[in-house]
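S.K.: Provide a 3D model corresponding to the input given below.
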Amino acid sequence: MTVEFTYHGKQYVLTVDGLEEGEPLREVLSAAMLLRYALKEETAARAIEDACSKALEDGFRTPDLWAEGFQKANTESMTQAILDRI
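M.R.: Presented below is the predicted three-dimensional model:
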């Protein structure tokens with residue numbers, strides 16, 4: 001069982017194993033949508049979306065997406081994986 005919550009702007013996931021940081025992909029992809037639809041920055045939006053896809057293709061998974069055979073990433077390491085692929 002997991003419970004997700006936000007506290008002071010930071011996403012957390014409470015699991016039976018304890019407290020883990022949450023899913024940064026939502027926030028990062030929301031930024032891509034902001035760039036595309038509000039600021040008309042298609043190139044920047046595409047770069048962010050492609051970086052998220054590459055991080056997932058390379059096997060990085062946050063606790064809510066993790067399964068055997070993938071690399072478990074916390075918020076910081078998933079964010080860094082995305083940044084490394086931009």
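S.K.: what helix or strand does the residue lying farthest from the centre of the chain sit in?
M.R.: Relative to the average C-alpha location in the chain, and by Cα atoms, centre = their mean, no residue lies farther out than residue 40, which sits at 22.5 Å. Under the criterion of DSSP states H and E, residue 40 resides outside all helices and strands.
S.K.: For it, give me its contacts.
M.R.: If a contact means Cβ atoms under 8 Å, 6 or more residues apart in numbering, then residue 40 has no contacts. Where C-beta positions appear, they are placed from N, C-alpha and C, glycine not excepted.
S.K.: Look up how far residue 68 lies from it.
M.R.: With distances taken as Cβ to Cβ, to the nearest Å, residue 40 is found 42 Å from residue 68.
S.K.: what's the answer for residue 51, then?
M.R.: 25 Å.
S.K.: Show the subsequent helix or strand relative to whichever strand or helix holds residue 26.
M.R.: Following DSSP H and E, the helix or strand that holds residue 26 is helix 24-33. For helix 24-33, the succeeding helix or strand toward the C-terminus, using DSSP H and E, is helix 42-57.
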